[in-house]
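Enquirer: got a sequence here, can you build the structure:
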Amino acid sequence: MNTIMKYSILLLTLLTVMSNSVQAQSADDVLGFWLTDDGMAKIEIYKKEGKYHGKIVWLKEPNNPDGTPKLDTENPKEELRKRPVLGLDLVKGFVFEDGVWEDGEIYDPNNGKTYDCRMKLKGNKLEVRGYIGLSMFGRTVVWTKVKS
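Expert: Numbers count the residues shown, from 1 in each chain. Now for the predicted structure:
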């Protein structure tokens with residue numbers, strides 16, 4: 001067998017293994033705890049009524065300098081501005097299709113805005129992309145899987 005043939009077989013084998021590992025991904029692989037890219041929050045992703053959601057379960061700085069809990073002060077709905085950020089539903093409504101969690105939304109308590117969102121798992125990293133309208137008009141952050 002010549003060298004080119006050996007490398008071709010090796011490449012084909014690697015591609016097959018890689019494609020099988022992607023296909024073996026389960027929708028529930030996203031469940032658990034995720035540390036945000038800036039290390040300021042931990043999000044628990046859970047399943048409810050067949051969809052995937054996530055809430056803030058830990059904040060590096062949960063309180064204001066005066067000791068009071070940080071509140072959702074930037075929310076456009078005045079009645080929600082007094083709710084604590086800790087425990088807040090941050091991502092919601094995702095469905096799993098073709099290796100991607102999509103059709104969901106993400107809320108940014110820093111500016112009070114909600115964006116369309118999709119998530120993609122790569123090992124112990126979760127790429128979370130918030131966008132307006134088209135996915136190309138957005139921003140991606142990477143969360144890291146952690147123990148509770």
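Enquirer: what about the closest residue to T140 other than its chain neighbours, how many neighbours?
Expert: Nearest residue to T140 in three dimensions, chain neighbours excluded: R129, at 4.4 Å (CB to CB, 6 or more residues apart in numbering). All C-beta atoms are positioned from the backbone trio N, CA, C, and that covers glycine. R129 has 20 neighbours, counted by other CB atoms under 10 Å.
Enquirer: most centrally placed residue in the chain?
Expert: Centrality entry for the chain: nearest residue to the mean C-alpha point is V128, 4.3 Å, by CA atoms, centre = their mean.
Enquirer: quick one: the helices in the protein, in order.
Expert: Remark: helices assigned in the chain by DSSP state H are 3-23.
Enquirer: mind listing what the residue nearest to T140 touches?
Expert: The contact partners of R129, by CB atoms under 8 Å, 6 or more residues apart in numbering, come to 117-120, 135, 138-140.
Enquirer: go with 6 Å
Expert: The contact partners of R129, taken as CB atoms under 6 Å, 6 or more residues apart in numbering, are 118, 138, 140.
Enquirer: would you agree the first one is in contact with D103?
Expert: By that I understand R118. No: using CB atoms under 6 Å, R118 is not in contact with D103, being 7.9 Å away.
Enquirer: and those two? which has more neighbours close in?
Expert: Neighbour comparison, R118 and D103: the larger count goes to R118, with 20 against 14 (by other CB under 10 Å).
Enquirer: for the residue nearest to T140, give me the pLDDT.
Expert: We have a pLDDT of 98 for R129.
Enquirer: many thanks, I have nothing further to ask.
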